[in-house]
Structures are given as C-alpha cells and as structure tokens.
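In: Predicted model, plus sequence, below.
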Amino acid sequence: MLAIKKIIGLITDPGVIVLLLLGYGFVRRLLSRGARKRGLGWIALGLLCFYLFTTAPLPNFLLKTLESRYEPATAPQKFPDVHYIAVLSGGMRFNNAVPPTSQLDESSALRVVEGIRLFHLLSGSPALIMTGAGPWQDMGNRMAAFAASLGVPADKLIPENHAEDTYGNAVEVQPIVKNQPFLLVTSAVHMPRSMLIFQKLGMKPIPAPGDFRYSPHYFWFDFSPRVAT
C-alpha cells in the first residue's frame, strides 16, 4: 500500500507531469514522421504546464479552494473542554548544530508556532502532542524542543516519533486523546485530508489550521516562473 501511495505521488508531481509531456512530445517528434505536428503539440502542452505550475496564479487558486474550508481557531471560548492540541509535522532540516527553531522546515515551524499560540490562548494549559512523520525517527522530539525553546513547559509536551504519514499521526494520537475533542493543527492546505483521516478513526478533531499560503494580491514577479524553495 505504501509503495502504491509513493507511485501515485510521483506520477502526480507537477515536475514529473511536465517531463512526461515533454519527453512524449520529443519522442513523437523524432520517431514518428507522420505525427511531428502532434509531437509539437505535446511539447507545447508541456511548456504550458511548466509555466502554469511555476507561476503564482494556478497554485494560488488551488490553495484557496483547500485553505478556505476551515477557518483559523481564534475564539478560546469555543473550546472550553479541550485538553489536547495535536500538531502534525511537515519536514525538517538536517542540521543538528543549529538551535531547535532552525531544525524544522518552514511548514513544520509554522504548525508548531500555531500550536504554541493556541496553547497560550486556551485556559487550562492543554497538552501539546507533537507527532512527527516520515523517515525522521526523532521528528516529534525536535518539534517538542522547538516549543520548549519558546517557553512551553516540558510537562505539557508529548512527542510521538514513529508515524510514517498522516494516517500514522492519527494512530499515534488516538490512544492519547481517546474520545475527547481536541484541536488538530496542520497546514491549512493539509487540513481537509487530515480531518477526513482522523474522523474515519472515530476521533473528534477540531480544525485549527495554520501555515496559510494563499494570497489575494499579485505582483509582477508572480507571473514569472520560479522554482519553490
């Protein structure tokens, strides 16, 4: 199942789509004399996709459709009985010589910061569950170290380190929260998928999205192809 997920993720990657279109177009152009014009058409389609994927309007539109499904958690009175905040990881940076605040990538850092904001916003000092994912076996510990360096008490941090993906995050969180409602923190674009997974396991997540990327404003450089960093 994991191998199938990786294959699906690979073939739906924008860069792979562009390479497949360009490669197919060049093959048709070189090997099929009677279909050279069609080969040019595939190449043109590949170049068009490259432009759309590397400029802001299309990704920004897709972001809006996902990020607008859940509003950020801003009113603490709505969550009087919340005792846990589960923060899902993104990625990390492989440099142990830097402070904890520099060991997470941008997505993970913004998710943890949102969890810390909610920790200070809510009464009762709920516990922060830091659940990592992927091949980094100490991701939850790094997220907890990030939060601790910004003043969250150690006894309010619960690191989990063994998940492989979002489903694994849900499996790790389930025995901790049991049937209680809890705040679920992840990137806004990742929230719809995360909510679906957690709810399918019978849990009661309350969406608390962070790391919003959509922008309603454009500048001239947004229409120039750029590689994401």
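Out: Sure, I can see it. Numbering: from 1, shown residues only.

In: For residue 156, list the residues it contacts.
Out: Residue 156 sits next to 119, 125, 126, 127, 128 when contact means CB atoms under 8 Å, 6 or more residues apart in numbering. Every residue, glycine included, has its C-beta placed from N, CA and C.

In: Quick check: helices, which of those are part of them?
Out: Assigned to helices by DSSP state H, the following of those qualify: residue 119.

In: Reformat the contacts of residue 156 as CSV; add pLDDT, distance to residue 25 and neighbour count.
Out: Written out in CSV, the entries for the contacts of residue 156 read as follows (pLDDT from 0 to 100; distance: CB to CB, whole Å; neighbours: other CB atoms under 10 Å):
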residue, pLDDT, distance to residue 25, neighbour count
119, 93, 52, 22
125, 82, 59, 13
126, 92, 54, 20
127, 94, 54, 20
128, 97, 50, 26
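
In: How is the protein divided into domains?
Out: 2-54, 72-207 (automatic domain parsing).

In: Tell me which of those domains is the most buried.
Out: Using mean count of other CB atoms under 10 Å, the stretch among the domains of the chain with the largest mean neighbour count is domain 72-207, at a mean of 18.

In: can you tell me the distance between the two ends of that domain?
Out: Distances were taken as CA to CA, to the nearest Å; on that basis the terminal residues of domain 72-207 are 8 Å apart.

In: looking at this, residue 107 is in a helix?
Out: Yes. Following the definition DSSP: H, G, I helix; E, B strand; the rest coil, residue 107 is counted among the residues of a helix.

In: Give the closest residue to it in space, chain neighbours not counted.
Out: Take residue 107 and drop its neighbours on the chain: the residue closest to it by CB to CB, 6 or more residues apart in numbering is residue 90, 3.1 Å away.

In: Right, I'll leave it there.
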